[in-house]
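A.B. asks: Mind folding the following:
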Amino acid sequence: MQRLLALIGPIPFIALAIVAAGLSLGSAVWLYGEVLAPALAESNSPWRYPLTGLALATSYFAYGLTLLVVAPALNTMLGGRLRPYRGSAVSLEAMRWYVHCTLTLVVRYSFLEFVTPSPFAQMYFRLMGMKIGRNVNINSTAIADPSLIEIGDNVTIGGTASIMAHYSQGGYLIIAPVKLGAGSTIGLRAIVMGGVEVGDKAKVLAGSFVLPNTRIPAGEKWGGIPACRIERDSDDAGSDMRSRGDGSAQ
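C.D. replies: Below you'll find the model as predicted:
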């Protein structure tokens, strides 16, 4: 039975990815078939071939930009906005997470790299439910569970940094919000897990791994695997003591 469920279980989410991609491809097919291809058909110039390539690339971007809106719309319609959760990965409540993940991944792996960082990427994340402040720079597509991620003003997320509001522990799926305080920095290729809170103007150094439920106080610099405090800015000295999360090294 478990093998059967393992085979059948992904099918609805594969179908959902096909629906999201297929609806978005409709705009690309229309643009190419009704506008660009007829214009090219009348030309016998040697430039017809590179121009056809440009027409196909333009149609692909029409697909991608449409997908940035279609995926969040389907996510809203199907109840994909996440809530904190701890329980079995096979449950009705967990289905909400699978819907959200499917629609996040189909965008990430088929188009998002081309518009990151840009206002288009931030528009998509906002439509998926992410709270984003002003003057934020997100230079990564490795953002999972955007509807449970809150980013304050003037935050920088480095290239290929991973932020995910979920993890597994003791056989349970755990979905927990992530909050990045104003002015904080997440370095290149750093990993931030579910339940983490990064204080205002705190820094997570490149390549670091921040364990689930870790609290990084304002102004501190953390790094390493697992991440721990390295230093604190002198003008912030004397503030709160650090608090570590599940399985953290003190």
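
A.B. asks: residue closest to the middle of this protein?
C.D. replies: Closest residue to the average C-alpha location of the chain: residue 143 at 2.4 Å, with CA atoms, centre = their mean.

A.B. asks: Just list whatever residues bridge to the closest residue to that residue other than its chain neighbours.
C.D. replies: Setting aside the residues directly before and after it, residue 143 is nearest to residue 163 in space (CB to CB, 6 or more residues apart in numbering), at 5.3 Å. C-beta here means a position set from N, CA and C on the backbone, and glycine is covered the same way. Under DSSP bridges, the beta-bridge partners of residue 163 are residue 143, residue 192.

A.B. asks: what about residue 63, neighbour count?
C.D. replies: Per other CB atoms under 10 Å, the neighbour tally for residue 63 reads 21.

A.B. asks: which helix is the longest one in this structure?
C.D. replies: For the chain, the longest helix by residue count, based on DSSP state H, is helix 48-77.

A.B. asks: If we go by neighbour counts, what in that helix is buried?
C.D. replies: Neighbour counts over helix 48-77 (16 or more other CB atoms under 10 Å) mark 52, 55, 59-60, 62-68, 70-72, 74-75 as buried.

A.B. asks: Next SSE downstream of that helix?
C.D. replies: Following helix 48-77 in sequence order, the next helix or strand is strand 85-87 (DSSP states H and E).

A.B. asks: downstream neighbour of that next one in the secondary structure list?
C.D. replies: Proceeding N to C from strand 85-87, the next assigned helix or strand is helix 92-110, under DSSP H and E.

A.B. asks: and that next one, average pLDDT?
C.D. replies: On average, the pLDDT along helix 92-110 is 92.
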